[in-house]
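next one to model:
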Amino acid sequence: MIDLEQVRTFVAIVEAGSFQSAADRLGIAQPTVSQHLKKLEEAVGHRLIERSRAQAIPTEGGTRFLPFARTLLRVAERAQEALTDGEFVIGASSNIGVYMLQPVAAAFRSIVPDLRRFDIRIGSNQETARRLEDSEIDIALMEWWDDRAGFDAKVWREEPIVVIVPPDHRWARRAWIDKATLMEEPLIGGEPGTGTARLLQDRLGIDIAALKSGLQLGSTEAVKQAVRAGLGVSVALESAVREEIASGVLVAPRLRSARLTKPLYSIVPSHAPPGSPARKFAAFLPAAAA
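Now for the predicted structure:
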């Protein structure tokens, strides 16, 4: 069995850099720190810390164990919060969390006044899925889902996808473009793992391998700036570029014979009770997004 206090001590040693500093941080004696680490190493069957007079650093095994140790502590904290003050935590992928979630979350809070603690954690789609599996969040809002066991997923919104170009681009004054035209320009990529490339393949029949790959920037904000600078074109959730299109700094030419939409998912652990905040929020989402 892995003891959480021993895990907490191990993390403190790594973060503080020495046994004495870890002891000061935890408010315990230095020999107790050493004892905690020794018992943890015995429990996991690996040496976790290289000891020296000057510094304590994780071994190769300790480095591999560290992210799991931190996850164990986060999950333990969430479990305690669930029993005490009823914190409700929403996890959202970056585009949803930045451009869509706040008004919906505010409306939900207004109709559930007994929700004492409320938090939103924004990250990549992969990070949000990991947080859901590790019980760090109560519900996930994501741009894809892979139907893994133990979770209930529903589409709560179909969000339009638009092509974006700068106002001086040759496409900006065209009434429409087709998929062949779209493949002429380098396509700037945003956050990986959003499923946009597969959407283009499934809905438009575009061969992903034939697309001209542009910059891969990791976020929609960076993509918008790159498109404005003339570094290529891109596709984005309409909600993420609505203000730029309205102000004229970006233009969204229409795709011929196609209105692309991306399904957005709400995912709740299957064991969540019907009256839980996660279930209530999942039921609230479709009407709020309408």
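
make it CA atoms for all contacts and neighbour counts henceforth
Fine.

which residue is the nearest non-sequential neighbour of Ser239?
Nearest non-adjacent residue to Ser239, counting by C-alpha to C-alpha, 6 or more residues apart in numbering: Tyr99, 6.2 Å away.

for Thr194, see how far away Ala222 is.
Noted for Ala222: a distance of 15 Å to Thr194, by C-alpha to C-alpha, to the nearest Å.

which sections of this structure are below the confidence cut-off?
53, 81-86, 116, 257, 290 (pLDDT under 70).

what segments of it are helices?
With DSSP state H as the criterion, the chain has helices at 4-16, 19-26, 30-44, 60-84, 94-99, 101-111, 125-133, 179-182, 196-204, 220-228, 238-247, 277-289.

who are the packing partners of the second one?
Counting by 3 or more C-alpha pairs under 8 Å, 6 or more residues apart in numbering; DSSP states H and E, the packing neighbours recorded for helix 19-26 are helix 4-16, helix 30-44.

out of those, which gets nearest to Arg78?
helix 4-16 (13.5 Å; C-alpha to C-alpha).

alpha carbons of the closest one, in CSV - could you do that?
Extracted in CSV, the C-alpha atoms of helix 4-16 (Å, rounded to 0.1, in the frame of the first residue of the first chain):
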residue,chain,number,x,y,z
LEU,A,4,-0.2,9.4,1.1
GLU,A,5,1.9,11.1,3.8
GLN,A,6,4.9,9.4,2.5
VAL,A,7,4.0,10.4,-1.1
ARG,A,8,3.5,14.0,0.2
THR,A,9,7.0,13.9,1.8
PHE,A,10,8.6,12.6,-1.4
VAL,A,11,7.1,15.4,-3.5
ALA,A,12,8.2,17.9,-0.9
ILE,A,13,11.8,16.6,-1.1
VAL,A,14,11.8,16.9,-4.8
GLU,A,15,10.3,20.4,-4.8
ALA,A,16,12.4,21.7,-1.9
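
my guess is Ser21 meets Ile13, correct?
Yes - here Ser21 reaches Ile13: they are 7.4 Å apart, a contact under C-alpha atoms under 8 Å.

for those two, indicate the residue with more neighbours.
When Ser21 and Ile13 are compared for neighbours, Ile13 comes out ahead with 26 against 17, by other C-alpha atoms under 10 Å.

so how far is Lys154 from the nearest residue to the more buried one once chain neighbours are set aside?
Once flanking residues are discounted, Ile13 sits nearest to Ala22: 5.0 Å by C-alpha to C-alpha, 6+ apart. Distance, Ala22 to Lys154, using C-alpha to C-alpha: 45 Å.

higher neighbour count, the two?
Applying other C-alpha under 10 Å to Ala22 and Lys154 shows that Ala22 carries more neighbours, namely 23 against 16.

hmm, back to that, need the helices of the chain in JSON lines (columns: distance to Asp147).
What follows is the helices of the chain, written out as JSON lines (distance: least, C-alpha to C-alpha, whole Å):
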{"stretch": "helix 4-16", "distance to Asp147": "31"}
{"stretch": "helix 19-26", "distance to Asp147": "41"}
{"stretch": "helix 30-44", "distance to Asp147": "32"}
{"stretch": "helix 60-84", "distance to Asp147": "23"}
{"stretch": "helix 94-99", "distance to Asp147": "20"}
{"stretch": "helix 101-111", "distance to Asp147": "23"}
{"stretch": "helix 125-133", "distance to Asp147": "11"}
{"stretch": "helix 179-182", "distance to Asp147": "30"}
{"stretch": "helix 196-204", "distance to Asp147": "16"}
{"stretch": "helix 220-228", "distance to Asp147": "26"}
{"stretch": "helix 238-247", "distance to Asp147": "26"}
{"stretch": "helix 277-289", "distance to Asp147": "17"}
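
of those, which is nearest Pro269?
Proximity to Pro269 (C-alpha to C-alpha) singles out helix 125-133 among those, at 7.9 Å.

ok, residues contacting the closest one?
For helix 125-133, the surrounding residues in contact (C-alpha atoms under 8 Å, 6 or more residues apart in numbering) are 91-94, 122, 137-140, 142-144, 193-194, 269.

at 10 Å instead, please
Around helix 125-133, the neighbours that count as contacts under C-alpha atoms under 10 Å, 6 or more residues apart in numbering are 71, 75, 90-96, 121-124, 134-146, 148, 150-151, 191-195, 267-269.

alright, I will stop here.
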